[in-house]
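1. Sequence plus the predicted model coming up.
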Amino acid sequence: MAGEGGGRPLLPQTTGMQNISFAPATLAPRENQRNYVFVDEHNRHKRLKVMRACEGCRRRKIKCDAATTNSWPCAACIRLKLNCVPPTVSYDKDFNSGSQTFELDRTQEFELSPTTASHEYQRPQQTLQAPGSGDAVGPHPQSTGPYDDSVRTYPPAPYLDTSTPSHDNLGYGGMPQQMLPLETGKFQPPPVYSGPPSAVAGSESDSPWRSDAGETAAITEALGDLKIDNTGLAPWMVTQKKVLARTPAVEEAKVQLPPSASDDLTVRIPPEMMPSDQQALSYFNFYFTNIHPYMPVLSKVLFYQQWQHDRESISPLVLEAVFSCTCLMLGDKVQGHKWLALASKHEEAFKDTPRLSTLQAMLIFLKARESAPQKGYFHRSWMSIVELVAVAKDLDLHEHLSVHQLGQSCGSTAAECVVKTRCWHMLFVLEMMIGGPQGRSDYGVGIDTVDFDMPRGVPGLEDSDLNVSRQFAYLLRVVRNVRQSTQLFHSLRRKKKDWGGDPEFVAHNQDFLVWPNELPRDLQIHYPPDGTAPWIPSHFVANLHSYHHLSLIMHHRPQLDFMSNTLEGRQHFNVCYEAAKCMCRLQEAVLQNFTQMGLLCMLRGIGFTVYAVLTCTMLHLAALTSPDSTLNSEARGYFVRHMRILEQCIRLYPVPEMHAQVNALREAFSADTSKPFSFKPSFPYPSPGGGPPQPSPISSDGAYHQPTSSRIPGHDPSIEQPGQVNYHPITPPISSTDADPKTDSPVVQSLVMMATGQQRTQPAPTTVPLQETGQWNPSRIFE
């Protein structure tokens, strides 16, 4: 911008300014004020009304090159190492033909009367129904009320919130920007069903991903050790091992146990700790109903026979394991820790020789330790598995399958034969679930030693226990797919860097498609088309599907990274994101029907749900940057739903190191960490073509409810019609007022920057449109 002032128009018609469209005439009337920007340090006296300088340049009254290039951050902020906050542009509602005035928006100074706020600026709440999938996504909030909000599920959200500074009133047009004719002062909406938008030519620098380090670093910083990489490695597990290696070892707290009253040295349970018969039967019933389906290492019929007729034949270690696991699951921490302390005292006495009962008890103790972890829990769990695999091999369990395949007898009773098979199955599953997130590859249970066939009925095995074996067989097949993916990864990464695109790894995709097609009817889950939680017959069935969906995500994510910016990469993202949405709905169904107990009972306990939610959260964050309006809106809803699940789970997760990290993640995005999760008012930058943020479809009880469309009195239907998107300026919705820009989280600001620059989108499909050839690259979130 030059220095001559004579005859200079108020608005220089530069290329950057011609790309700005005008907002609809329904925007709020403004107060009679003007906010000017000095755009030329040599002509400050002219006070030109060019309003595209960033916040930093406006305050320092220096030239902002981004005002003409429309490229953020500007050179001045880069030079000064400042956080470049782009402006918000709005327009006068009434202006004269032939003259235009641009001003900076100061939403803090808006004051809407109750009548205006309740009629003129409210938008109808609409459900986004995605064709094909049937998943309905409800509106999403600027903020939510407390849990006890019983007024209604969907309070109407004003277009502008007068109580909180909001920057969500401007969105990005989902179709080409419409220029307002100068001779008319009215907004001309485009046809409802217009043709495909024309491509907008732009250089690579116009891509929202143009600054990888600058725009994704804040998200990576917010996730920290919660960021799960493409190999499934959980950094917080590795970090715990490194931190403990630098800290002094400490002794565990002593638990007071009753003195032994036995005259000999035989290992027995003290009579003072032994529950009554009625209480013991209650514990057994809970164990076999809720925990046994995930940990079927006992024979239910044989166990009850021994309890009723020969209690001395039951190993004390097995009883201590069952009692400790049950007490901890039921929330009786005092008794649970006593049983664990007693088992630790007796454990050494059972290491004189390998016993099948000892192996059974130690596997159940692994389950109990999920709710009462010791220091260095993750490393201890792996070392326990290594030791138990060695004990199992001493018992020849690794040869048990081959013996029967040769038609020979294993020398055990029918009940013991079933127990041997189940214990080996259990080791195969736990070795993968414990070692995989830690980056382990030295597994001791070979795939060829595991029987993946459907179990057959044997004498003495009741129908309910046979059904447990049958259901567990499908979990085995899920873990087999994960194990094969892991083995391929560890073998291919030594040969090539781009192992995610190796034909052998890609060919494994078909194995994941086989699993759901093999499920019997009683293990299938049907998802309602309205996006709500499905009906589930048991928490095991729901969690079984959760294991499968997580395995699907972790297998396709490396391919997404390898094939980013391609049609195949978008397909892999769609697979991952559909799985993430299903997991969210399954977890909600478990919480609604079985409370948090349904998540505690699953293998690896509440830690698995935390791991799964964090994996899905990364997908939601990637989808939030999508130029597709429907995917963007879906991501908002599912991100809120999954964060509320995480808030419930983290309270029960007994790993203190995780609490601070999850709280930091909540603070980065949450409006009020003392309430159920909702986006910061400044966070949910409008989706391309979307309107203002709308109330969440999640009620105060944490459940998802299908919203209903409503009409707001006084709303002009010509502005919003079916199939039509809204048109607003492309300027990023960041405040350029005198408010401190640091009130927005760096994560929020980086996500906003990633969403800017998208000047067109395709019509809203249920997944990322494969025809879109823009620069959106979801894999950058995972790097």
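-> Cool, got the structure.
2. Find the nearest non-adjacent residue to Cys417, please.
-> In space, Cys417 comes closest to Cys410 once its chain neighbours are excluded; the distance is 5.7 Å by C-beta to C-beta, 6 or more residues apart in numbering. To be clear about C-beta, it is placed using only N, CA and C from the backbone, and glycine gets the same treatment.
3. and Cys57, what is it in contact with?
-> Listed by C-beta atoms under 8 Å, 6 or more residues apart in numbering, the contact partners of Cys57 are 37, 63-64, 66, 74, 76-77.
4. Out of those, who's the most crowded?
-> Of all these, the most densely surrounded is Cys64 (28 neighbours; neighbours counted as other C-beta atoms under 10 Å).
5. Correct me if wrong: that residue contacts Cys74.
-> Yes. If you go by C-beta atoms under 8 Å, Cys64 and Cys74 touch, sitting 5.1 Å apart.
6. Mind listing the shared neighbours of the two?
-> The contact lists of Cys64 and Cys74 share 54, 57, where a contact means C-beta under 8 Å, 6+ apart.
7. quick one: low-confidence parts of the protein?
-> For the chain, applying pLDDT under 70 flags the ranges 1-52, 67, 88-225, 260-263, 564-565, 682-783.
8. and the next element down the chain from the longest helix along it?
-> Secondary structure of the chain per DSSP state H: the longest helix is helix 463-492. Sequence-wise, the next helix or strand downstream of helix 463-492 (DSSP states H and E) is helix 503-507.
9. Go through that next one and flag the buried ones.
-> Buried residues in helix 503-507, counted by 16 or more other C-beta atoms under 10 Å: 505-506.
10. packing partners for it?
-> Identification of packing neighbours for helix 503-507 by 3 or more C-beta pairs under 8 Å, 6 or more residues apart in numbering; DSSP states H and E yields helix 463-492, helix 539-562.
11. just those helices: most buried one?
-> helix 539-562 (a mean of 24; mean count of other C-beta atoms under 10 Å).
12. Could you quantify the relative orientation of that one and helix 463-492 as an angle?
-> 10 degrees (axes from the mean of the first three to the mean of the last three C-alpha atoms, to 10 degrees).
13. Number the residues from 51 up from this point.
-> Got it, first residue is 51 now, which makes that one helix 589-612.
14. May I see the helices and strands packed on helix 553-557 organised as TSV, with distance to Lys730 added?
-> Output for the helices and strands packed on helix 553-557, formatted as TSV (distance: least, C-beta to C-beta, whole Å):
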stretch	distance to Lys730
helix 513-542	36
helix 589-612	27
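15. So which of the ones you listed is nearest Gly381?
-> Closest approach to Gly381 among the helices and strands packed on helix 553-557 is made by helix 589-612 (16.7 Å; C-beta to C-beta).
16. Which of the helices and strands packed on helix 553-557 sits closest to Val479?
-> Across those, Val479 has its closest neighbour in helix 513-542 (5.0 Å, C-beta to C-beta).
17. Can you say which helix or strand has Ala714 in it?
-> Under the criterion of DSSP H and E, Ala714 resides in helix 706-719.
18. What are the buried residues along that helix?
-> Neighbour-count burial for helix 706-719 flags 708, 711-712, 715-716, 718-719 (criterion: 16+ other C-beta under 10 Å).
19. Please, where are all the strands along this protein?
-> In the chain, the strands defined using DSSP state E lie at 139-141, 152-154, 178-179, 186-187.
20. Distance-wise, check Glu697 relative to Leu542.
-> 38 Å (C-beta to C-beta, to the nearest Å).
21. out of the buried residues of helix 706-719, who's nearest Arg527?
-> Using C-beta to C-beta, those come closest to Arg527 at Met708, 30.2 Å.
22. Against Ala126, how distant is the closest one?
-> Met708 is 41 Å from Ala126, where distance means C-beta to C-beta.
23. can you count the residues close to Glu638?
-> When neighbours are defined as other C-beta under 10 Å, Glu638 has 22 of them.
24. no wait, Glu301
-> For Glu301, the neighbour count with other C-beta under 10 Å is 6.
25. and it, what does it touch?
-> Contacts of Glu301 (C-beta under 8 Å, 6+ apart): none.
26. I'd like to know how far it sits from His589.
-> 37 Å.
27. Apart from its neighbours in sequence, what residue is nearest Ile341?
-> Counting by C-beta to C-beta, 6+ apart, the nearest residue to Ile341 once its immediate chain neighbours are dropped is Cys651, at 5.6 Å.
28. And for that neighbour, the neighbour number?
-> So Cys651, with other C-beta under 10 Å, has 27 neighbours.
29. Enumerate every residue touching it.
-> By C-beta under 8 Å, 6+ apart, the residues touching Cys651 are 340-341, 344, 379, 589.
30. again, but for Leu367
-> Leu367 is in contact with 317, 393, 396-397, 400, 407-408, 411-412, counting by C-beta under 8 Å, 6+ apart.
31. cool, and Thr723?
-> Residues near Thr723 by C-beta under 8 Å, 6+ apart: 713, 716-717.
32. try it again with 6 Å
-> 716-717 (C-beta atoms under 6 Å, 6 or more residues apart in numbering).
33. What values do phi and psi take at it?
-> phi -70, psi -10 (degrees, to the nearest 10).
34. For His606, see how far away Glu628 is.
-> Using C-beta to C-beta, Glu628 is found at 10 Å from His606.
35. gap between Phe478 and Ala523?
-> In this view, Phe478 and Ala523 are 12 Å apart by C-beta to C-beta.
36. And for Leu669?
-> With C-beta to C-beta as the criterion, Leu669 and Ala523 are 29 Å apart.
37. still on that earlier bit, send the alpha carbons of the helix holding Ala714 over as CSV?
-> The C-alpha coordinates for helix 706-719 follow below in CSV (Å, rounded to 0.1, in the frame of the first residue of the first chain):
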residue,chain,number,x,y,z
PRO,A,706,-2.0,-41.2,38.7
GLU,A,707,0.3,-40.1,35.9
MET,A,708,-2.6,-40.2,33.5
HIS,A,709,-4.9,-37.9,35.4
ALA,A,710,-2.8,-34.8,34.9
GLN,A,711,-2.4,-35.5,31.2
VAL,A,712,-6.1,-36.0,30.6
ASN,A,713,-6.9,-32.9,32.6
ALA,A,714,-4.5,-30.9,30.4
LEU,A,715,-6.3,-32.2,27.4
ARG,A,716,-9.7,-31.3,28.8
GLU,A,717,-8.4,-27.8,29.7
ALA,A,718,-7.2,-27.3,26.1
PHE,A,719,-10.7,-27.8,24.7
